[in-house]
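Visitor: Build me a model:
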Amino acid sequence: MKLKTFLVLFVILFPVSIFSSTTYIIDAVTNDDKVVIDGNVYEAETILPISVNAGDEVIFVNGYKDACATIEIVDLTANESFMAFCD
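Guide: Residues are numbered from 1 along each chain as shown. Prediction:
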């Protein structure tokens, strides 16, 4: 019974946005600090994690793909995240 209650609460309380986030593919990674996603260049605030590669699937968190502000990018393939801004 407790497990069933937990699962119901989890489904209700878990942010819906994580399920509906649009995913994008990294087109290219350059100079260990820039990624090209959907034709836009993003510069990481620090060196990119080594596991981030072209072809990886990503989502944008705490920002929007076309907004040139600091944004968190989550690499779903590499299970990494990094902060970036429009170049």
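Visitor: For the rest of this, base every contact and every neighbour count on C-alpha atoms.
Guide: OK.
Visitor: Quick check: C86 touching V41?
Guide: Yes - using Cα atoms under 8 Å, C86 makes contact with V41 at a distance of 6.1 Å.
Visitor: Where do the strands of this protein begin and end?
Guide: With DSSP state E applied, the chain shows strands at 24-30, 34-37, 40-44, 57-61, 71-75, 80-86, listed in chain order.
Visitor: okay if I get those as JSON lines plus distance to S51?
Guide: As requested, these are exported to JSON lines (distance: least, Cα to Cα, whole Å):
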{"stretch": "strand 24-30", "distance to S51": "11"}
{"stretch": "strand 34-37", "distance to S51": "13"}
{"stretch": "strand 40-44", "distance to S51": "14"}
{"stretch": "strand 57-61", "distance to S51": "12"}
{"stretch": "strand 71-75", "distance to S51": "9"}
{"stretch": "strand 80-86", "distance to S51": "8"}
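Visitor: will you turn those into TSV that also has mean pLDDT and mean neighbour count?
Guide: TSV is the format used below for the strands of the chain (pLDDT from 0 to 100; neighbours: other Cα atoms under 10 Å):
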stretch	mean pLDDT	mean neighbour count
strand 24-30	96	17
strand 34-37	96	21
strand 40-44	93	19
strand 57-61	94	19
strand 71-75	93	21
strand 80-86	92	18
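Visitor: Next up, the contacts around N40.
Guide: Going by Cα atoms under 8 Å, 6 or more residues apart in numbering, N40 touches D66, C86.
Visitor: what about it, distance to A84?
Guide: 12 Å (Cα to Cα, to the nearest Å).
Visitor: for L48, same thing?
Guide: 10 Å.
Visitor: One more: Y42?
Guide: From Y42 across to A84, the span is 6 Å (Cα to Cα).
Visitor: Also K34?
Guide: Using Cα to Cα, one gets 8 Å for the distance from K34 to A84.
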